[in-house]
Structures are given as structure tokens and as C-alpha cells.
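>>> predicted model and sequence below, questions to follow.
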Amino acid sequence: MTSHAQPAPLRGGQLVLGTIALSLATFMNVLDTSIANVSIPAISGDLGVSASQGTWVITSFAVANAISVPLTGWLTERFGQVRLFISSILLFVISSWLCGMAPTLGFLLAARVLQGAVAGPMIPLSQSLLLSSYPQQKSAMALSMWGMTTLVAPVLGPILGGWISDNYQWPWIFYINIPIGILAASVTWSIYRTRESQIQHKPIDKVGLTLLVLWVGSLQIMLDKGKELDWFNSTTIVALALVAIVSFAFFIVWEITEKYPVVDLTLFKGINFTGGVVAISVGYGLFFGNLVILPQWLQIYLGYTATQAGLILAPVGLFAILLSPVIGKTLPKVDARWVVTASFALFALVFYMRSEFNTQVDVHTLLIPTFLQGIPMSMFFIPLTAIILSGLPARRIPAAAGLSNFVRILCGGVGTSITATLWDNRISLHHAQLTESANVYNPIFDHAVNGLTTLGLSHEQAYGMIDGLITNQSAMLGANDIFWISAVLFILMIGLVWFTRPIRSSGGADVAAGAH
């Protein structure tokens with residue numbers, strides 16, 4: 001049905017079941033963005049393709065997902081948020097089944113494109129539906145329920161993906177979505193089918209849609225393949241960058257002047273939306289970039305297995321789960337900007353602690369900042385989402401949620417690419433600096449070589465062993481640099497948060513009002 005009146009908040013069992021169903025759908029979606037990463041070797045080997053070809057399994061999903069997320073507001077107006085959400089879940093289930101059944105890489109990539117495209121609206125719509133389900137004074141609690149799934153799923157994804165690939169077959173990383181998706185869709189439809197949003201049949205902005213596909217697709221492929229193709233030394237990367245820049249410029253101009261834009265860029269006129277989006281996106285980019293290099297350093301240079309590296313990261317979700325409801329209850333009573341300030345300061349502390357790591361670091365030392373990181377994570381998404389959506393009318397919530405999630409996801413990709421490239425560059429720099437003193441004129445180096453040769457190694461073997469030690473040290477120093485830079489950036493971002501205005505009605509109650 002198409003309703004003009006905003007539905008009343010849910011109560012009792014319906015509220016509990018609705019929250020669980022929406023959170024399950026979000027968890028399934030976010031999990032799928034990272035679960036395939038560790039399974040690429042298994043997928044590539046089974047389908048008879050190279051590892052570099054196998055990485056398109058990640059890229060294809062990311063490109064399609066990045067394009068569809070900002071379309072959430074436009075699609076919601078045309079089809080209604082409940083219909084769109086249920087359709088997205090069911091199509092996600094079907095595409096997951098197709099991914100698991102894929103006999104060839106081409107078939108798998110096509111299924112992943114479909115999966116990424118239909119996954120786009122799910123996260124912002126789960127936000128919107130969840131906010132409309134709770135009373136105004138409980139909006140922060142609603143966001144805390146949503147935030148837990150968004151925080152924990154990226155951490156669990158690689159662990160679960162590695163465990164499934166090691167103990168079962170890789171198709172099961174996709175098949176597990178089927179029962180979860182069917183359950184989430186069934187419960188959501190039973191509760192929300194009478195709570196449909198108003199539908200408006202506006203003209204399709206074909207030019208804006210084409211430009212969006214061009215610039216987002218080009219940028220996402222460039223970010224995913226840049227490191228592999230040596231960035232701007234590659235003609236392909238240069239061409240993708242030019243297409244992205246030119247089409248983005250035209251996209252901005254067109255969408256600002258278009259009467260019925262496919263993406264509502266006027267949302268950026270709001271200081272809270274803009275400040276909140278920048279803060280959550282840059283913070284997410286830093287978090288995700290560090291989430292990538294830490295397990296790589298543990299596996300490549302310290303000899304940890306994929307499962308062991310995953311378990312080192314797993315405790316990060318403990319405090320995030322325990323404290324998110326507490327933050328949800330506390331937020332209405334305090335200024336959200338103070339909560340974000342505390343979050344960024346604690347993130348800085350965690351990354352500073354990691355910048356003090358060395359190649360002899362033990363498990364206990366690794367786990368301390370991992371446990372602590374759960375605290376700022378629980379204080380990150382909830383208040384910033386409240387700031388972003390504060391003061392917006394009901395009809396703009398899906399568009400705002402879609403656009404803010406799009407920028408955040410895009411910054412996650414940018415953060416990952418920049419961090420990986422910067423780490424490689426810092427490793428090369430530190431290696432060059434350390435090897436400057438590794439010559440026969442240095443008595444310490446000469447003594448080390450002589451000591452190894454007395455153990456039966458040839459000079460070449462001794463040099464190789466020392467070079468290996470230097471490489472390990474260089475990787476550690478490079479990671480230390482990134483952790484330290486991340487700490488500084490989090491401190492600097494605190495100033496950005498205070499450009500936003502205090503949320504009216506305490507702690508984001510007007511956010512929920514916008515969803516009613």
C-alpha cells in the first residue's frame with residue numbers, strides 16, 4: 001500500500017523481531033563485503049584462474065555496490081522503502097545462490113555484480129526502517145542496534161571466510177546467506193508490509209545515472225586494481241582516473257541543476273550532514289585501511305596463519321557489542337559531539353599503541369589495543385549517524401542514509417588503497433635506509449656476516465638472511481608509520497566534529513522524528 005501518514009512506532013514483540021530482522025539483513029550484507037577476501041585463493045584454484053583474475057570477485061561486487069548505494073533515495077521514491085528492502089534481500093539471496101553455483105569465473109563475476117547492485121539499498125533502508133520503528137526518545141538505541149552489526153561483520157567476515165574455506169568448500173561463503181536472507185525477508189515483510197512509504201513516480205534522470213555509473217565504476221576499479229597495476233605507471237589506471245574525474249565533474253554540475261536528480265546533492269547544504277559525513281567517512285577509511293594491513297603484517301612477516309591473524313582481530317567486537325546499547329541509552333542525555341570526540345581520542349590512543357610494536361611483539365601486546373579498539377568503535381557510528389540524519393524530514397532520510405553510506409563505503413576503498421600503497425612505499429624507503437649501513441665497511445655488519453659463515457652458511461646465504469631480517473624490520477617500521485599517522489589524523493578530526501551544531505531534542509530524537 002502507499003501511505004501518506006507516517007506509521008506509529010512498533011511495540012513489544014514486533015519491535016524486537018523487527019530489529020532482529022533488519023539487523024540480520026545488514027549483518028549479511030556487510031559480512032559479504034569481506035568474507036570473500038580470504039577465499040580468493042580457493043576460488044581461483046577451483047575455477048582454474050590466476051589469483052589476480054580471482055580478485056575481480058571482490059572488485060565486481062564493490063563496483064556494483066558503490067553505484068547502487070547512492071541511488072537508494074531515488075529508488076525508494078519510485079518503489080517504496082519496504083518493497084525495495086524486501087526485493088533487495090530476496091534478490092541478494094538469489095544472487096548468493098548463483099555465486100555458489102558458478103561453474104566459471106565469468107558466471108561468478110556476473111552473479112557478484114548482481115549481488116553488489118541489489119545489496120546497495122539494504123544498509124541505508126535498514127537504518128531508515130529501524131528509526132521509524134522506535135519512538136523518538138529511543139532513536140539512539142535504534143542506531144546502537146544497527147551500529148553493532150555494521151561494526152562486527154567486517155571483523156567476522158575474514159575469520160568466517162577462512163574457516164569455511166579451510167573446512168568446507170568456498171561456495172558455502174555464499175550459501176550461508178540463503179537461510180539468513182529468507183528469514184530476514186519473511187519477518188520484515190510480516191511486520192513492515194503495512195508501513196510502506198509514499199511513492200512518487202518522478203522522471204528517470206538518465207544522464208545523471210549514466211554519469212554516476214561512469215565515475216563511480218571507474219574510480220572503484222582504479223582503487224581496486226591500482227596497486228596491482230603500479231598505479232599511474234599504468235595506462236589503464238591513468239585512463240580510469242581521467243574518466244572518473246571528467247564524469248564526476250559533469251555529474252556534479254548536472255545533478256545540481258537537474259529538477260529530478262538521481263542523487264540529492266542538496267543534502268550537503270546542511271552543516272551537520274556534511275560535517276558528519278566527512279568525519280564518519282575519513283574515520284571509516286582510516287579504520288578499514290588499518291584493518292587490512294594489520295593481518296597482512298602478521299601473516300607475511302610474523303608467520304601467523306590466516307585463522308590466527310583473524311583471532312587476533314576478533315576481540316575488537318567484544319566491547320563494541322557490550323557498549324553499543326550503553327551508548328544508545330546515554331546519547332540522548334549528552335552532546336553527541338563529546339561522544340565522537342572521546343571516540344576519536346581513543347582511536348588515536350589505540351593506533352599510537354600499535355605504532356610502538358616491534359618484530360618481537362607477543363600475542364598479549366597485540367591483543368591489548370585490539371580489545372581497547374572496541375570502545376571507540378561503539379562510540380563511532382551511533383553519534384555520527386545521529387548527527388548526519390538530525391533535522392531531516394521523513395522523505396529525505398532514505399536519500400541521506402544512502403548518500404552518507406555511499407561516501408563512507410567509498411572512503412573505505414580509498415583508505416584501503418592509500419594505506420596499502422603507502423605501506424609498500426614506506427617498506428621500500430626503510431629497506432633502502434637500513435641497507436645503507438649493510439656493507440663490508442661497517443664492522444657490525446661484517447661481524448654479523450662472519451658469525452653466520454662460522455655456522456656453515458655461505459656469504460650469499462648470510463647476506464640473504466640479513467636481508468630477510470632487514471625486510472621484516474622495514475615492514476614493521478612502515479606499519480608503525482601508518483599507525484602513527486592514523487593516530488594524528490584522528491586527533492585532527494576532532495576539530496571537524498565541532499563545526500557541526502548540537503542535535504536538537506537531545507541525542508538525536510529528531511532523527512527518529514524525521515523517520516516518522
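Received, thanks. Numbers count the residues shown, from 1 in each chain.

>>> Ser23 and Thr149 touch, don't they?
Yes. Using C-beta atoms under 8 Å, Ser23 is in contact with Thr149, at 4.7 Å. For the C-beta atoms, the positions are set from N, CA and C on the backbone; glycine is no exception.

>>> looking at these two, which one has more neighbours?
Applying other C-beta atoms under 10 Å to Ser23 and Thr149 shows that Thr149 carries more neighbours, namely 23 against 19.

>>> and that one, what pLDDT?
Note on Thr149: pLDDT of 74.

>>> from Gly412, how far off is it?
Relative to Gly412, Thr149 is positioned 16 Å away (C-beta to C-beta, to the nearest Å).

>>> go on, Gln220?
Counting by C-beta to C-beta - Gln220 and Gly412 are separated by 11 Å.

>>> what sits against Gly468?
If you count contacts by C-beta atoms under 8 Å, 6 or more residues apart in numbering, Gly468 has none.

>>> and the gap between it and Ala475?
From Gly468 to Ala475 the distance is 11 Å (C-beta to C-beta).

>>> go on, Phe483?
For Phe483 relative to Ala475 (C-beta to C-beta), the value is 13 Å.

>>> same thing with Ala279?
From Ala279 over to Ala475 (counting by C-beta to C-beta), the distance is 31 Å.

>>> please apply the same query to Leu209.
For Leu209, the distance to Ala475 - C-beta to C-beta - is 44 Å.

>>> got it, and Met379?
31 Å.

>>> between those two, which one's more packed in?
Met379 (30 against 23).

>>> name the nearest residue to that one, sequence neighbours excluded.
Spatial nearest neighbour of Met379, excluding adjacent residues (C-beta to C-beta, 6 or more residues apart in numbering): Ser343 at 3.8 Å.

>>> tell me the contacts of that neighbour?
Pro376, Met377, Met379, Phe380, Pro383.

>>> 7 Å - rerun?
Pro376, Met379, Phe380 (C-beta atoms under 7 Å, 6 or more residues apart in numbering).

>>> confidence score at it?
93.

>>> kindly list the main-chain dihedrals of it?
With angles defined as degrees, to the nearest 10, Ser343 sits at phi -60, psi -50.

>>> go on, Val339?
Torsion angles, degrees, to the nearest 10, at Val339: phi -60, psi -40.

>>> what sits closest to it if chain neighbours are left out?
Counting by C-beta to C-beta, 6+ apart, the residue nearest Val339 is Pro383, at 4.3 Å.

>>> is Ile503 in a helix, a strand, or coil?
coil (DSSP: H, G, I helix; E, B strand; the rest coil).

>>> how close does it get to Ala336?
6 Å.

>>> between these two, which one's more packed in?
When Ile503 and Ala336 are compared for neighbours, Ala336 comes out ahead with 28 against 25, by other C-beta under 10 Å.

>>> how about the helix or strand that contains Val30: buried residues?
Under the criterion of DSSP states H and E, Val30 resides in helix 12-35. For helix 12-35, the neighbour count (16 or more other C-beta atoms under 10 Å) marks 15, 18-19, 21-35 as buried.
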